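> with the sequence up front, the predicted model follows.
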Amino acid sequence: MGWLTSAYFNSDSSRVAVAGRDGSVRIFDIATQHDLLHLVGHESDVNSARFSPEGESIVTASGDHSVRVWDGETGEEVVRFNFDEEPLDVQFASGSDRIITALDDGLLTVVPSEMTKLRGEELVRATCDKKIKLIEKITSHVIPWQNRIDSVFSPWFRQVDACGKRG
């Protein structure tokens, strides 16, 4: 793996996620010391890799400006969120349904984890619904900071360009 960037245990300390500068993450079983999963797909250093509280998923942050959620059993990529800035760290919020990402520009981004469980048309529909609700809040002055909307909510908005084409 070359140089390592982070290592985090799952909730019962039976597995550890080790991130590397080679763009990969390895999941090791502590008792057997065997390599269980090899998460491959990032195009740059992986800055952070952490387990969800239940261990069902693993979330990674990379220098390729993406946060990815992986299936904790199969190692398959579930969903990817792209950012303008580099995500330095990411984790599932304990006792919550959110993923929190610290970006290189000093912003924290919060993504509801239910978005990571959606696929295909469901993800498109959920993304568009969130965008429409947010626009309604802005136009009703519930959220006054219009100029920050793209940077703060970009994980949803950049996933789907189909919202404007939907009827």
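All right, it came through fine.
> how about the strands of this structure, start to end?
Counting by DSSP state E, residue ranges of the strands within the chain are 4-9, 15-20, 24-29, 35-40, 46-51, 57-62, 66-71, 77-82, 87-92, 98-103, 108-112.
> deepest of the ones you listed, which one?
strand 57-62 (a mean of 26; mean count of other C-beta atoms under 10 Å). For every residue, glycine as well, the C-beta is placed using N, CA and C.
> in its sheet, what does that strand sit against?
strand 46-51 (antiparallel), strand 66-71 (antiparallel) (DSSP bridges).
> and the ones you listed, which one averages the lowest pLDDT?
The weakest mean pLDDT among these belongs to strand 66-71, with a mean of 90.
> what residues does it touch?
25, 37, 39, 41-42, 56-62, 76-83, 87, 90, 99, 101, 111, 116, 155 (C-beta atoms under 8 Å, 6 or more residues apart in numbering).
> recalculate using a threshold of 6 Å.
The set of residues external to strand 66-71 that reach it, using C-beta atoms under 6 Å, 6 or more residues apart in numbering, is 39, 57-61, 77-82, 87, 90, 101, 116.
> ranking the strands of the chain by mean pLDDT, which is last?
Going by mean pLDDT, the lowest-scoring of those is strand 108-112, which has a mean of 73.
> got the angle between that strand and strand 77-82?
Angle of strand 108-112 versus strand 77-82, following axes from the mean of the first three to the mean of the last three C-alpha atoms, to 10 degrees, is 140 degrees.
> which strands and helices sit next to strand 108-112?
strand 98-103 (3 or more C-beta pairs under 6 Å, 6 or more residues apart in numbering; DSSP states H and E).
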